[in-house]
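Visitor: no sequence for this one, just the structure:
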């Protein structure tokens, strides 16, 4: 029997609350968790934090890091690739826009929360856009 969010492997697990992505200048709220690891894709895990050093930095999401980069380096080159002998460049702002468009497309195609996407292809801007788009889609 599947749970209300469609996962047959975890029928008794409640889906965690979604976290709004509008915040970029502060820590993302962490889901309450007691354990450092889990075999369930629906269960939150406790982050290992230290009192000093790199492990004491406040965690941020990939989306927050991307937005910080767009705000700082928006018109600078982010990706460059050669197509038919000509270099094409995407700025961080363009890259972000295309990643958001990819995320919306994945959702429109039926991508569900906690499910996966297989991206096959060569090292290209489209691969990176698809990858980040999947992360943005949740």
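Guide: Received it, and whenever you're ready, just let me know what you need. No experiment lies behind these values; they were computed from the predicted model shown. Numbering: from 1, shown residues only.
Visitor: OK, contacts around residue 137?
Guide: Neighbour list for residue 137: 102, 103, 104, 106, 107, 111 [criterion: Cβ atoms under 8 Å, 6 or more residues apart in numbering]. Every C-beta, even on glycine, is put in place using the N, C-alpha and C of the backbone.
Visitor: quick one: the fourth one from residue 56, how far?
Guide: Okay, so that is residue 106. Counting by Cβ to Cβ, to the nearest Å, the gap from residue 106 to residue 56 is 35 Å.
Visitor: more neighbours: those two, which one.
Guide: residue 106 (19 against 9; other Cβ atoms under 10 Å).
Visitor: in a strand, the more buried one, correct?
Guide: No: secondary structure of residue 106 (DSSP: H, G, I helix; E, B strand; the rest coil): helix, not part of a strand.
Visitor: so it touches residue 132, yeah?
Guide: No: look at residue 106 against residue 132 with Cβ atoms under 8 Å: they stay out of range, at 11.1 Å.
Visitor: distance check, residue 86 against residue 80.
Guide: Distance from residue 86 to residue 80, by Cβ to Cβ: 11 Å.
Visitor: more crowded one of those two?
Guide: Under the criterion of other Cβ under 10 Å, the comparison of residue 86 against residue 80 puts residue 80 first, with 10 against 7.
Visitor: quick check: chain neighbours aside, which residue is closest to that one?
Guide: The spatial neighbour of residue 80 that comes closest, neighbours along the chain excluded (Cβ to Cβ, 6 or more residues apart in numbering), is residue 89 at 4.6 Å.
Visitor: so what's the residue of the chain most remote from its centre scoring on pLDDT?
Guide: Using Cα atoms, centre = their mean, the residue of the chain lying farthest from its centre is residue 85. It sits 32.2 Å away. Looking at residue 85, its pLDDT reads 95.
Visitor: for residue 122, see how far away it is.
Guide: Remark: distance between residue 85 and residue 122 (Cβ to Cβ) = 17 Å.
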